[in-house]
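Enquirer: could you work out the structure for the sequence below:
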Amino acid sequence: RAQRADATLYRTLATLRTDCPIACDPATLAWRGVDRPALAAICAEIGLDAASIRL
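Expert: Next up, the predicted model:
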């Protein structure tokens, strides 16, 4: 019972809202492929060889 308020909060946070307007064109959110320079930078930062990653 002590965690009931937390459970209610987490349920609210995890629920997708469908009644809110989207402030942008959904087409701008479409997947346009991998940003290879950004991926290479991230891989270099964490010590991975970007060439070995299968895309």
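Enquirer: so, low pLDDT: which residues of the protein?
Expert: Residues of the chain that meet the criterion pLDDT under 70 lie in 55.
Enquirer: just give me the residue right at the centre of it.
Expert: Centrality entry for the chain: nearest residue to the mean C-alpha point is Leu29, 11.6 Å, by CA atoms, centre = their mean.
Enquirer: can you give me the helices in the protein?
Expert: Counting by DSSP state H, the chain has helices at residues 4-14, 36-46.
Enquirer: tell me which of those sits most buried.
Expert: Mean neighbour count (mean count of other CB atoms under 10 Å) peaks for helix 36-46 among the helices of the chain, with a mean of 11. For glycine as for every other residue, the C-beta is placed from the backbone atoms N, C-alpha and C.
Enquirer: other SSEs contacting that one?
Expert: Judged by 3 or more CB pairs under 8 Å, 6 or more residues apart in numbering; DSSP states H and E, helix 36-46 is in contact with no other helix or strand.
Enquirer: in PDB, list the C-alpha atoms belonging to it.
Expert: Extracted in PDB, the C-alpha atoms of helix 36-46 (Å, rounded to 0.1, in the frame of the first residue of the first chain):
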ATOM      1  CA  ARG A  36      27.300   7.800 -40.600                       C
ATOM      2  CA  PRO A  37      29.500  10.700 -39.400                       C
ATOM      3  CA  ALA A  38      27.600  10.900 -36.100                       C
ATOM      4  CA  LEU A  39      27.800   7.100 -35.700                       C
ATOM      5  CA  ALA A  40      31.600   7.100 -36.400                       C
ATOM      6  CA  ALA A  41      32.000   9.900 -33.800                       C
ATOM      7  CA  ILE A  42      30.100   7.900 -31.200                       C
ATOM      8  CA  CYS A  43      32.000   4.700 -31.900                       C
ATOM      9  CA  ALA A  44      35.300   6.600 -31.600                       C
ATOM     10  CA  GLU A  45      34.200   8.000 -28.300                       C
ATOM     11  CA  ILE A  46      33.400   4.600 -26.800                       C
END
